[in-house]
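>>> This is the structure alone, sequence omitted:
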Ligand SMILES: [Zn+2]
Ligand SMILES: [Zn+2]
């Protein structure tokens, strides 16, 4: 991992993101959480937990969450 070129944050191509799911979603960040059930991506475990208030995936927008748009992929927080 030490020979990766330096990339300006936010300019990285989506195809280069290190994590991917079979749904085609890609993301980066050690804390980013992707739900294997509803295939939404969250900025962290806390946000991930919040979209399952009763142990069931819930539309983040209905819970008052918003999409982070300051990254190369969509993530709820
Ligand atoms: Zn989910
Ligand atoms: Zn997925």
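It's in. As the structure is a prediction and not an experimental result, all values here were calculated from the model. Ligands and ions are numbered 1, 2, ... in the order given.

>>> and the chain, which of its residues are near ligand 2?
Residues of the chain lying close to ligand 2 (C-beta under 5 Å from the ion) are 21, 23, 25, 39. In this view, the C-beta of every residue, glycine as well, is placed from N, C-alpha and C.

>>> I'd like to know how many residues surround the residue nearest to the second one when sequence neighbours are not counted.
Okay, so that is residue 23. In space, and not counting its chain neighbours, residue 23 is closest to residue 39: 4.4 Å by C-beta to C-beta, 6 or more residues apart in numbering. Residue neighbour count, defined by other C-beta atoms under 10 Å, stands at 13 for residue 39.

>>> Run through the helices of the protein in chain order.
According to DSSP state H, the chain carries its helices in the segments 45-50.

>>> residue closest to the middle of it?
Centroid-nearest residue in the chain: residue 41, 3.3 Å away (criterion: C-alpha atoms, centre = their mean).

>>> Okay, that residue and ligand 1: tell me how far apart.
10 Å (C-beta to the ion, to the nearest Å).

>>> quick thing: my sequence starts at 57, can you match it?
Understood, numbering begins at 57; the last thing we discussed is residue 97.

>>> what bridges to that residue?
residue 90 (DSSP bridges).

>>> With pLDDT and distance to ligand 1 as extra columns, can I get the residues of the chain next to ligand 2 in TSV?
Shown next, in TSV, are the residues of the chain next to ligand 2 (pLDDT from 0 to 100; distance: C-beta to the ion, whole Å):
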residue	pLDDT	distance to ligand 1
77	93	12
79	93	11
81	91	12
95	96	7
